[in-house]
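**Student:** What follows is a predicted structure for the sequence shown.
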Amino acid sequence: MSSPALSTLDALIALDRDHLIHPVAPWRKHQQRGVTVLESGRGAWLKDASGRELLDAFAGLWCVNIGYGHESVVQAAAEQMRKLPYATGYFHFGSEPAIRLAAKLVEITPASLTRVYLTLGGSEAVDAASRFIVQYYNNTGRPHKKHFIALERGYHGSSSFGAGLTALPLFHRGFDLPLPNQHHIASPYGYRSAAGADPQALIAASVAALRSKVAELGADNVAAFFCEPIQGSGGVVVPPVGWLKAMREAARELDILFVVDEVITGFGRTGPMFACEAEGVEPDMMTLAKGLTAGYAPMGATLMSEQVFAGIADGAPAGAAIGHGATYSAHPVSAAIALEVLRLYDEGGILAHGQAVAPHFAAVMDGLRDHPLVGESRHRGLLGALELVSDKATKRGFDPALGLPDRLFDAGYRRGLIFRSFGDHILGFAPALCFTEDEFVQMAQRLRGTLDDVLREPDLRAALK
């Protein structure tokens, strides 16, 4: 496909500037800057409307796990659209793809999860989980259990409730969040934790923090603990092995629901199909999205245990509907896409390939530890980050006035590399599971070149110790 003529591209930029509101963007700054129009994708590569080839080391937004351009997924969508483009889940209706997808998700997720509510994304999945939790405790005679605990630096979407569970200031500012019943405990952030980097000390500190917060609020008042197995938008914080299991056990002892948010970590991102598998963790609820359809269509899921399902179902008035739903829940086209994507992970060998190439990704990350800007490399599977510092000894960051995150992203883009540049000078990476060894070599070269380009700028060199 040829790139749009310059006049057409200019017209698109003007239309975008005048009408389209972009998610998580500085609105006026975006109007001044103008949009970067992406035109096509194939495998791990994107092309923008100017014809620039880009190696996507972030899989879109942590989601295009299988890579771009799988024709079998396109065919699955087209066939379902021709046959039945929409089917409501209301009034006891359903569709074959949605029913089969629910059964498949129960088959591949931890054994504790037996029921599936299908959503259109991760934020909606978290919002549904929170509403179901409230209904569960109300229907089981414990209406006082209304407080929710999550982690600092955690991300649980940007819905009205989920954005309060999220513990990033950007998602609170101006939105009157967090709510009075939303609380946060310290992140298991080894590089900057008061507990230090020792794995057992980090685990012990997290368990103690959860117990302390529950005691402060009153055990009879706390509903649930939400966590990501690896914190994504908070800077790819990788807890030590054993942390997730310890927190699950603590939640069980405290009689609060344990909710694992695998929106980012699911579907091979950290190695196994789900991060819970690595530690044999069986949560009470799980939220999924992103890799479920590999970004080819919107879809998420909220899974729950039989205990939670029965508590809601049997505690409601006989014959009364549970008042939660959405027009596009269990959309048949998205479900058909998800089923084909799940087939590709397994029968298509994509999950196994991702596991096989993970050491190459680790080599890229760890190979940059010697760079003057890099304070830490952390990663698991195909999820990782580089934390940049101005002083390696003290782990001092950079003055926000330098505008380093945007400069890093722009420098990477000029070298044909896309990654996530967080506001606190952390670079996030989530390459597709289809990345080849050669593409990791190119990623390493382009990434080092990006860091070198920024380091050559006089004001940044002056900021280094």
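**Tutor:** Yep, it's here.
**Student:** Tell me the predicted confidence for the one residue sitting closest to the centre of the chain.
**Tutor:** With distances taken as CA atoms, centre = their mean, Ile264 lies nearest the centre of the chain, 3.0 Å away. pLDDT for Ile264: 98.
**Student:** again, but for the one 4 residues further on
**Tutor:** Per-residue confidence (pLDDT) for Gly268: 98.
**Student:** same check, this time on the one 10 residues further on
**Tutor:** The confidence metric pLDDT takes the value 96 at Ala278.
**Student:** please renumber so the chain begins at 32
**Tutor:** Let's use 32 as the start, then, which means that last one is Ala309.
**Student:** How about it, nearest residue that isn't a chain neighbour?
**Tutor:** Pro303 (5.7 Å; CB to CB, 6 or more residues apart in numbering). (Glycine included, C-beta is placed from N, CA and C.)
**Student:** again with Arg173
**Tutor:** Asp251 is the one closest to Arg173 (CB to CB, 6+ apart), at 7.5 Å.
**Student:** Roughly how far does the one you found sit from Asp345?
**Tutor:** Remark: distance between Asp251 and Asp345 (CB to CB, to the nearest Å) = 22 Å.
**Student:** about what we covered before: neighbours around the residue nearest to Arg173, how many?
**Tutor:** The number of residues packed near Asp251 is 10, by other CB atoms under 10 Å.
**Student:** For Ser71, what are phi and psi?
**Tutor:** Main-chain dihedrals, Ser71, degrees, to the nearest 10: phi -160, psi 160.
**Student:** excluding its backbone neighbours, what's nearest it?
**Tutor:** Lys78 (4.8 Å).
**Student:** ok, and what's touching the helix or strand where that neighbour lies?
**Tutor:** Lys78 is located in strand 76-79, with elements delineated by DSSP states H and E. Surrounding strand 76-79, the residues in contact under the criterion CB atoms under 8 Å, 6 or more residues apart in numbering are 34, 67-72, 84-87, 99, 449.
**Student:** Just the ones of those in strands?
**Tutor:** If you go by DSSP state E, the contacts of strand 76-79 have Leu69, Glu70, Ser71, Gly72, Glu84, Leu85, Leu86, Asp87, Ile449 in strands.
**Student:** check contacts around the closest residue in space to the last one that isn't next to it in sequence.
**Tutor:** Spatially, and ignoring its direct neighbours in sequence, Ile449 is nearest to Asp87 (4.8 Å; CB to CB, 6+ apart). Applying CB under 8 Å, 6+ apart, we find Asp87 in contact with Gly72, Ala75, Trp76, Leu77, Val95, Tyr99, Ile449, Pro462, Ala463.
**Student:** Leu132 too?
**Tutor:** Val147, Leu149, Ala366, Ala369, Leu370, Leu373.
**Student:** after the particular helix or strand that has it in it, next one along is what?
**Tutor:** Using DSSP H and E, Leu132 falls within helix 127-139. For helix 127-139, the following helix or strand on the C-terminal side (DSSP H and E) is strand 144-150.
**Student:** before we move on, the earlier item: what's around the residue nearest to Ala309, how many residues?
**Tutor:** Counted with other CB under 10 Å, Pro303 comes out at 17.
**Student:** now do Gly302
**Tutor:** Neighbours of Gly302 (other CB under 10 Å): 18.
**Student:** What segments of the stretch 382-496 of the chain are strands?
**Tutor:** 405-411, 414-419, 448-449, 451-452, 457-460 (DSSP state E, counting those that start in this stretch).
**Student:** Quick check: which of these is nearest to Ala159?
**Tutor:** Among those, the nearest to Ala159 by CB to CB is strand 414-419 (24.5 Å).
**Student:** tell me the angle that closest one makes with strand 405-411.
**Tutor:** 170 degrees (axes from the mean of the first three to the mean of the last three CA atoms, to 10 degrees).
**Student:** residues of strand 414-419 that come out buried?
**Tutor:** Leu414, Gly415, Ala416, Leu417, Glu418, Leu419 (16 or more other CB atoms under 10 Å).
**Student:** Just checking: what are the partner strands of it?
**Tutor:** strand 405-411 (antiparallel), strand 457-460 (antiparallel) (DSSP bridges).
**Student:** what is the rounded mean pLDDT of the last one?
**Tutor:** Averaged across strand 457-460, pLDDT comes to 98.
**Student:** Stretch 149-166 now?
**Tutor:** So the average pLDDT for stretch 149-166 ends up being 98.
**Student:** Just want the angle from the helix or strand bottoming out on mean pLDDT in the chain to strand 69-73.
**Tutor:** The helix or strand of the chain with the poorest confidence is helix 37-50; it has a mean of 89 (mean pLDDT, DSSP states H and E). Here helix 37-50 runs at 110 degrees with respect to strand 69-73, directions being taken by the same axes, to 10 degrees.
**Student:** Give the buried residues for helix 37-50.
**Tutor:** Buried-residue list, helix 37-50, by 16+ other CB under 10 Å: Leu40, Leu43, Ile44, Asp47.
**Student:** Once you drop chain neighbours, what's closest to the first one?
**Tutor:** Think Leu40. Counting by CB to CB, 6+ apart, the residue nearest Leu40 is Ala80, at 5.1 Å.
**Student:** Could you report the neighbour count for that neighbour?
**Tutor:** Other residues close to Ala80 by other CB under 10 Å number 19.
**Student:** ok, it touching Ile44?
**Tutor:** No - contact between Ala80 and Ile44 fails when scored by CB atoms under 8 Å: they sit 9.1 Å apart.
**Student:** Need the residues touching each of these two.
**Tutor:** Val68.
**Student:** if we can go back for a sec, what's the spacing between the residue nearest to Ala309 and Asp441?
**Tutor:** 35 Å.
**Student:** do the same with Tyr117
**Tutor:** 41 Å.
**Student:** Comparing these two, which residue is more hemmed in?
**Tutor:** Asp441 (15 against 12).
**Student:** contacting residues for Asn252?
**Tutor:** Contacts of Asn252 (CB under 8 Å, 6+ apart): His175, Lys176, Lys177, His178.
**Student:** want to throw those residues into CSV with secondary structure?
**Tutor:** CSV is the format used below for those (DSSP: H, G, I helix; E, B strand; the rest coil):
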residue, secondary structure
His175, coil
Lys176, coil
Lys177, coil
His178, strand
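**Student:** Just the buried subset of those, please.
**Tutor:** Lys176, Lys177, His178.
**Student:** ok, the first one - contacts?
**Tutor:** For Lys176, the set of contacting residues under the criterion of CB under 8 Å, 6+ apart consists of Tyr168, Asp251, Asn252, Val253, Ala254, Ile287.
**Student:** The same query, at a cut-off of 10 Å, please.
**Tutor:** 164-165, 167-169, 249-255, 286-288 (CB atoms under 10 Å, 6 or more residues apart in numbering).
**Student:** do the same with the last one
**Tutor:** The neighbours of His178, taking CB under 10 Å, 6+ apart as the test, are 210-214, 244-245, 247-249, 252-255, 287.
**Student:** Could you double-check that the residue nearest to Arg173 lies in contact with His175?
**Tutor:** Yes - using CB atoms under 10 Å, Asp251 makes contact with His175 at a distance of 5.9 Å.
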